[in-house]
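J.: Mind looking at a prediction? Sequence and model below.
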Amino acid sequence: MTTVLLVLVLLLLALAGAPLFALIAAIALVGFHFAGQDGAVVAIEFYRLADMPALVAIPLFTLAGYLLAESGAPKRLVRVSNALLGWLPGGLAIVAIIACALFTAFTGATGVTIVALGAVLFPALMQARYGERFSLGLLTAAGSLGLILVPSMPLILYGVVAQQFHTTPPVTVDALFRAGVLPCALMVVLLSVYSVWHARRAGVVTGSTSGRELAAALRDAAWEIPLPFVILIGIYTGVLAASEAAAVMALYVLVVTVVIRREIPLRRLPAVLREAMTLVGSILVILGFSLALTNWLIDTGVPERLFDAIKGSIESKTTFLLVLNLFLLVFGMLLEGFPAIVILVPLVLPVALGYGIDPIHLGIIFLANLQLAIFLPPVGLNLFIASLRFGRPVMTLVRASLPFFLILLLAVLIITYWPGLSLALV
């Protein structure tokens, strides 16, 4: 009776809008209390964050992303991409897809991409006669690309949570960075093919690129162009670990934006640092309490009982993967990316391991579904961000995003049932 009462109280608190970290902490404290353990166990689990080297990458990548978003880097990125690809049929749409994927990967936040790049790309797409519906749908969908591309913060967070289960093979952040490249490329290619088809069908004006414009664009972005290559080559060759790559990126971006380009004045820098670290603080608080909750779940055998219950009704691995996709789409729509990872991974990972699913492949499946769910109607977060950014009703964006949702859903199914795509580079 007492347990039921506590559960009802927690549900009421959740409905009343209690902070997520408080609910997670409460569940962990209540769980350990009924297990006969002292509440100090939660504090000890929280303290274990200090022993996780990979966690250093989160504040550093976050800082770099915020600095890039505050600078003129988004416009320079679009200009270079347009100079390289704008002459192709559908070239401007491909530019938008690639720019959104890269910017989301480096900032780790899909909403920031829509806000930062939407102001540049939407008028350009409209001027090139892509049509309002296509342009709105493309930017809303492409705003979530990059969550599975290095150095995306959700990849790091999944790796930190998954490492608590000591899986075989072990889940490392470097392996996740490698695993996300080809699946992200598949999504970019499929969206690009559809964009080319639409451009030819709609009679889109194809741009022209002169050697002079290309040279000017490259010269304008001379400080930003080396950054992705240094990070990618450093990680994929093993020269840089994830935390080292984060330190290099943060220092490089700080020097370029503040000292060399001076796009972020010194008086503005403390405000940017405060915004970035506020996000980092919220992530670490949620993560710390979720680690305590995860260990309580493991100690009480909840994942094993959950697996036994599911195994009784779903014997096929293929069927389980399909159900998993539906589950992640629904909960990914209701929960924002970071809370979804820390809450759902401890429940999903042990069950998936029971079906023989590689934990690294599962990470890409997990984040690919969240990437899709974030603009899934009726409550996908990116729909509301795009509605505010472009001044259009949410239902208009839902209709505009439907073709892109179906294309990315096809990509998610391919990623799910073709593990070699994710594991080829690992």
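T.: Yep, that arrived.
J.: domains for the protein, by residue range?
T.: The chain resolves into domains spanning 1-38, 39-423 when parsed by automatic domain parsing.
J.: Quick check: mean pLDDT of the shortest one?
T.: Yep, that's domain 1-38 we're talking about. Computed over domain 1-38, the mean pLDDT rounds to 68.
J.: for stretch 386-398, same thing?
T.: 83.
J.: Looking at the domains of the chain, which one is packed in the most?
T.: domain 39-423 (a mean of 19; mean count of other CB atoms under 10 Å). Backbone N, C-alpha and C define where each C-beta goes, glycine included.
J.: Over to that one now: how far is its first residue from its last?
T.: Across domain 39-423, the terminal residues are separated by 40 Å (CA to CA, to the nearest Å).
J.: repeat for stretch 200-220
T.: 31 Å.
J.: For that stretch, what is the distance to the chain centroid?
T.: Relative to the mean C-alpha coordinate of its chain, stretch 200-220 is positioned 30 Å out (CA atoms, centre = their mean, to the nearest Å).
J.: rewinding a little: any idea which of the domains of the chain has the lowest pLDDT on average?
T.: Lowest mean pLDDT within the domains of the chain: domain 1-38, at a mean of 68.
J.: Break down the stretch 151-300 of the chain into its helices, ranges please.
T.: 153-162, 173-179, 181-202, 211-220, 226-236, 242-254, 269-299 (DSSP state H, counting those that start in this stretch).
J.: Run the angle between the third one and helix 226-236 for me.
T.: Going by axes from the mean of the first three to the mean of the last three CA atoms, to 10 degrees, helix 181-202 is angled at 140 degrees with respect to helix 226-236.
J.: contacts for helix 181-202?
T.: 88-90, 93-94, 97-98, 101, 105, 129-131, 134, 138, 141-142, 145-146, 148-150, 204, 206, 364, 368, 403-404, 407-408, 410-411, 414-415, 421-422, 424-425 (CB atoms under 8 Å, 6 or more residues apart in numbering).
J.: which ones among those residues are found in helices?
T.: Of those, the ones assigned to helices by DSSP state H are 93-94, 97-98, 101, 105, 134, 138, 141-142, 364, 368, 403-404, 407-408, 410-411, 414-415, 421-422.
J.: Adding distance to Arg399 as columns, could you present the helices of the stretch 151-300 of the chain in CSV?
T.: Putting the helices of the stretch 151-300 of the chain into CSV (distance: least, CB to CB, whole Å) gives the following:
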stretch, distance to Arg399
helix 153-162, 28
helix 173-179, 34
helix 181-202, 15
helix 211-220, 34
helix 226-236, 34
helix 242-254, 38
helix 269-299, 32
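J.: For Pro123, find the nearest of those.
T.: helix 181-202 (17.1 Å; CB to CB).
J.: what's the distance between that closest one and the middle of its chain?
T.: 20 Å.
J.: ok, now stretch 414-423?
T.: Stretch 414-423 sits 18 Å away from the centroid of its parent chain (CA atoms, centre = their mean).
J.: what residues does that stretch touch?
T.: Against stretch 414-423 from outside (CB under 8 Å, 6+ apart): 179-180, 182-183, 186, 318, 321-322, 324-325, 357-358, 360-361, 364-365, 368.
J.: circling back: indicate which one of the helices of the stretch 151-300 of the chain is closest to Ile374.
T.: That would be, of the helices of the stretch 151-300 of the chain and by CB to CB, helix 153-162, which comes in at 10.6 Å.
J.: helices and strands around the closest one, which ones?
T.: Packing partners of helix 153-162 (3 or more CB pairs under 8 Å, 6 or more residues apart in numbering; DSSP states H and E): helix 57-70, helix 173-179, helix 269-299, helix 337-354, helix 359-373.
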